[in-house]
Structures are given as structure tokens and as C-alpha cells.
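In: can't give you the sequence, but here's the structure:
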């Protein structure tokens, strides 16, 4: 029986989430599986990968073949590196303590890199929000200025109209006096 580590889709249309499962290669994608070892959410930035690393490592060491996407996820989480180190220990190329130290250093560097990306994304998001707010403020001020200009023009027109009938009213009265 060929065993694969692959993704099983769940979630609604355009909001996919995936379960990382160990399944028989002949089973359908979302069908029967042997064991669920984690979840994957590609919609977050960076993508959220929650794996039971010990179970995943155990299945990889027992010969389960990951799909391309799952292999990339396992590499991202350090499980493939851990397999590489375990094979080196089994062959006698290095000691278990050295392998554990290398894995811990790698994980620490990887976690720092991931945290840096999260910080950069949140900082750029804050800067974009600030820029949007400033642009919105400029538009609002321009609209307020246009309204003030219209009000001044309307007040000037109203003042002209008020002055014009008064001037017209005096002129016919003056004409009426000369005729009488």
C-alpha cells in the first residue's frame, strides 16, 4: 500500500483551508485517510501551517511520500531537514547532539525570518492605512473649500440681488416724481 502525505480541502468556495492528512494513494482527495497531522491556511500572509511535527517526521521516516506542496510545507517547518540529519546520525556521519544543535539553530533562524516578514507586513499595512487617511483628509478639505467658495458666491449673488431691487425701486420712484 502506497502511503501519501497530502492536502484534503475543506472550507467554502474561495475560502479554502486544507487538512494535512496521511492517506492511501488510491483514496480520493477529500475521502478516506489514515491520520490527520495538521492544517494549512493559504489565505493568511504568511500562510499558516500547523503540523504535529513529531507525527509528520514519523510518517516521513516510515516511507510516506509527501506531495509537492506538502513537501514544501515540511521543508518550511524543518521536518525534511530533521530527516536529513536523522539519516546522517544513522550512517554515523554526525552525533545526535550535533544534529539537535543544528536543527535548533535552523529553527531559530527560520522563526526570526518569519517574524521579520510578519513585522514588515504589519508595518507596510500601517503605512498604507496612514497614507489612505492622509489622502482622504486632503479630499475632505478640498470638498470643504469648494463648499465654502460656493457659499461665498451664493452670498455675493444674494447681496447683489438685494442691492439691485433696491436700486431699481428707487429709480422708478424718481421717475414717477418727475412725471407728476
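Out: All right, it came through fine. Because the structure is a prediction, the values reported are computed rather than measured. Numbers count the residues shown, from 1 in each chain.
In: low-confidence ranges in the chain?
Out: 1, 165-180 (pLDDT under 70).
In: quickly find the element holding residue 50.
Out: strand 48-51 (DSSP states H and E).
In: OK, contacts around the residue nearest the centre of the chain?
Out: By C-alpha atoms, centre = their mean, the chain has its centre lying nearest to residue 45, at 4.4 Å. Contact analysis of residue 45 by C-beta atoms under 8 Å, 6 or more residues apart in numbering lists residue 121. Yep, even glycine has a C-beta here, placed from its N, CA and C like the rest.
In: tell me how far it lies from residue 115.
Out: Computed as C-beta to C-beta, to the nearest Å, the residue 45 to residue 115 distance reads 14 Å.
In: ok, which stretches of this protein are helices?
Out: 53-61, 68-77, 79-91, 96-179 (DSSP state H).
In: need those in JSON lines (columns: mean neighbour count).
Out: Below are those laid out as JSON lines (neighbours: other C-beta atoms under 10 Å):
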{"stretch": "helix 53-61", "mean neighbour count": "18"}
{"stretch": "helix 68-77", "mean neighbour count": "17"}
{"stretch": "helix 79-91", "mean neighbour count": "16"}
{"stretch": "helix 96-179", "mean neighbour count": "10"}
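In: I'd like these laid out as CSV, including distance to residue 41.
Out: Compiled in CSV, those are given as follows (distance: least, C-beta to C-beta, whole Å):
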stretch, distance to residue 41
helix 53-61, 17
helix 68-77, 11
helix 79-91, 18
helix 96-179, 15
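In: which of those sits closest to residue 8?
Out: Closest of these to residue 8 is helix 68-77, at 10.8 Å (criterion: C-beta to C-beta).
In: kindly calculate the angle that the closest one makes with helix 96-179.
Out: Relative orientation of helix 68-77 versus helix 96-179 (axes from the mean of the first three to the mean of the last three C-alpha atoms, to 10 degrees): 100 degrees.
In: which strands and helices sit next to helix 68-77?
Out: strand 3-10, strand 48-51, helix 53-61, helix 79-91 (3 or more C-beta pairs under 8 Å, 6 or more residues apart in numbering; DSSP states H and E).
In: among those, which is nearest residue 40?
Out: Of the helices and strands packed on helix 68-77, the one closest to residue 40 (C-beta to C-beta) turns out to be strand 48-51, at 5.5 Å.
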